[in-house]
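Q: Structure here, sequence nowhere to be found:
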């Protein structure tokens with residue numbers, strides 16, 4: 001019992017601000033999870049769309065998201081991260097009020113595209129705010145706690161959405177978005193009450209002239225290392241494609257594992273992503289630490305591919321165990337990629353251009369991973385050279401190895417770029433004065 005109590009205490013963020021940010025993540029994910037759980041039923045039975053139309057609309061929205069990522073980051077730097085985040089959260093929440101009245105494909109596409117733009121803008125503000133407001137030595141740990149809170153929130157949202165689905169009533173589903181609206185508004189108000197970050201203070205101050213907050217030097221589109229690192233990071237995040245798409249399809253079509261195992265797979269992932277982020281990100285304080293986490297992530301990624309590949313030739317309980325173990329391994333890849341990603345954001349962004357850097361990262365990480373659903377599905381399910389079933393898993397694992405190897409020189413190149421621009425990059429645990437030394441343009 002004492003050990004359990006200590007474990008549970010370790011899940012609670014240590015500072016008041018980190019606890020507030022974790023609470024916000026819980027509110028956001030509960031709101032989103034409530035709608036997402038019943039979204040398939042809502043789109044098909046309430047809006048009246050075919051499955052292909054739902055997919056097409058989401059694809060269009062994904063393209064728009066890609067196009068607006070960089071402009072949204074630029075606007076975040078201009079307006080201030082907290083303002084961008086809170087306004088985006090409020091508008092996104094209010095948009096759920098329109099869902100019950102949409103009844104055709106055109107309205108659906110307009111809605112999902114507008115929602116994607118607003119959420120993208122709010123997300124750019126959120127990411128910049130966290131890096132701006134938190135002391136350097138707390139950034140990675142705080143984002144780990146927020147990640148755990150997100151998973152708790154999505155679980156709560158799934159429970160609420162599941163209760164609504166249990167009524168098996170179209171009217172209940174039609175008005176379910178209003179519950180998401182209410183929780184989303186509470187989330188936006190909560191964000192508005194958070195303390196202002198340095199960029200927000202500088203923008204709002206009567207003494208904060210344009211010159212004081214105007215970034216100097218070259219931006220992230222000149223930072224080839226940052227763009228390459230973001231691309232390879234996007235490839236590492238294709239562990240989510242394995243998690244949510246390829247392994248479930250493999251289970252159903254290529255193994256004798258029972259379909260009910262899918263629920264255990266996703267349940268295990270959720271539990272691990274609630275309890276482990278604070279542990280897997282612990283000690284990730286430097287660029288070298290982050291690269292070590294990427295290497296560990298790559299080991300888990302490749303292990304998942306090899307374990308899952310083996311289940312094509314197994315039967316019974318052994319198949320069940322190995323599919324589950326492969327899913328656990330890809331969860332390990334997710335957790336270690338998360339910690340590394342947060343450290344790269346904290347260390348390799350120009351403090352005066354965090355929104356812009358985040359926008360560029362979004363663009364290049366999309367390029368690094370958006371191809372994976374089609375490619376991985378083909379490789380795992382349909383590519384059998386020389387009659388070897390599952391050989392595509394070796395290619396998938398090889399792509400992860402390429403990403404891990406490519407990440408190292410890319411990150412160091414980004415580090416050298418910042419140093420040439422006069423931005424201090426310390427590959428060592430931060431001291432109390434590090435943060436202040438890094439953002440002289442905001443004082």
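A: Arrived safely. All of these numbers come straight from a predicted model, not from anything done at the bench.
Q: Quick test: name the residue nearest the centre of the chain.
A: Centroid check for the chain by Cα atoms, centre = their mean gives residue 338 as the closest residue, at 8.1 Å.
Q: Tally up the residues packed near the closest residue to it other than its chain neighbours, please.
A: Of all residues not flanking residue 338 in the chain, residue 147 sits nearest, at 6.0 Å (Cβ to Cβ, 6 or more residues apart in numbering). Glycine gets a C-beta too; all of them are placed from N, C-alpha and C. Close neighbours of residue 147, defined as other Cβ atoms under 10 Å, add up to 23.
Q: ok so, going back, assess the claim that the residue nearest to the centre of the chain and residue 277 are in contact.
A: Yes. Counting by Cβ atoms under 8 Å, residue 277 is a contact partner of residue 338 at 6.4 Å.
Q: Please enumerate the shared neighbours of the two.
A: Common neighbours of residue 338 and residue 277, counting by Cβ atoms under 8 Å, 6 or more residues apart in numbering, are 144, 147.
Q: Okay, helices next: where are they in the stretch 101-250 of the chain?
A: 105-133, 139-166, 170-192, 198-204, 210-213, 224-236, 239-241, 247-254 (DSSP state H, counting those that start in this stretch).
Q: The fifth one - what's its average pLDDT?
A: Which is helix 210-213. Mean pLDDT, helix 210-213: 46.
Q: do the same with the longest one
A: For helix 105-133, the mean pLDDT works out to 94.
Q: swap in the last one?
A: Looking at helix 247-254 alone, the average pLDDT works out to 91.
Q: try the shortest one
A: When the per-residue pLDDT values of helix 239-241 are averaged, the result is 95.
Q: Output the contacting helices and strands for that helix.
A: When contacts are defined as 3 or more Cβ pairs under 8 Å, 6 or more residues apart in numbering; DSSP states H and E, helix 239-241 sits against helix 287-310, helix 317-348, helix 372-381.
Q: let's go with 10 Å and repeat that
A: Helix 239-241 is packed against helix 287-310, helix 317-348, helix 354-369, helix 372-381, with contacts defined by 3 or more Cβ pairs under 10 Å, 6 or more residues apart in numbering; DSSP states H and E.
Q: Please point out which parts of the longest one sit buried.
A: Yep, that's helix 317-348 we're talking about. The neighbour-count check on helix 317-348 (16 or more other Cβ atoms under 10 Å) flags 319-320, 322-348 as buried.
Q: Just give me how far that helix sits from the chain centre.
A: From the chain centre to the centre of helix 317-348 is a distance of 13 Å (Cα atoms, centre = their mean, to the nearest Å).
Q: Can you check what angle separates it from helix 105-133?
A: Orientation check (axes from the mean of the first three to the mean of the last three Cα atoms, to 10 degrees): helix 317-348 against helix 105-133 gives 60 degrees.
Q: pLDDT on helix 317-348, on average?
A: 96.
Q: do the shortest one as well
A: Mean pLDDT, computed over helix 372-381, is 92.
Q: can you pull the contacts of residue 75?
A: 68, 84, 121, 124, 125, 355, 356, 359 (Cβ atoms under 10 Å, 6 or more residues apart in numbering).
Q: Go again with 6 Å.
A: Contacts for residue 75 (Cβ atoms under 6 Å, 6 or more residues apart in numbering) come out as none.
Q: and it, what element?
A: Applying DSSP states H and E as the criterion places residue 75 in helix 51-79.
Q: Going by neighbour count, which residues of that helix are buried?
A: So helix 51-79, judged by 16+ other Cβ under 10 Å, has buried residues 53-54, 57, 61, 64-66, 68-70, 72-79.
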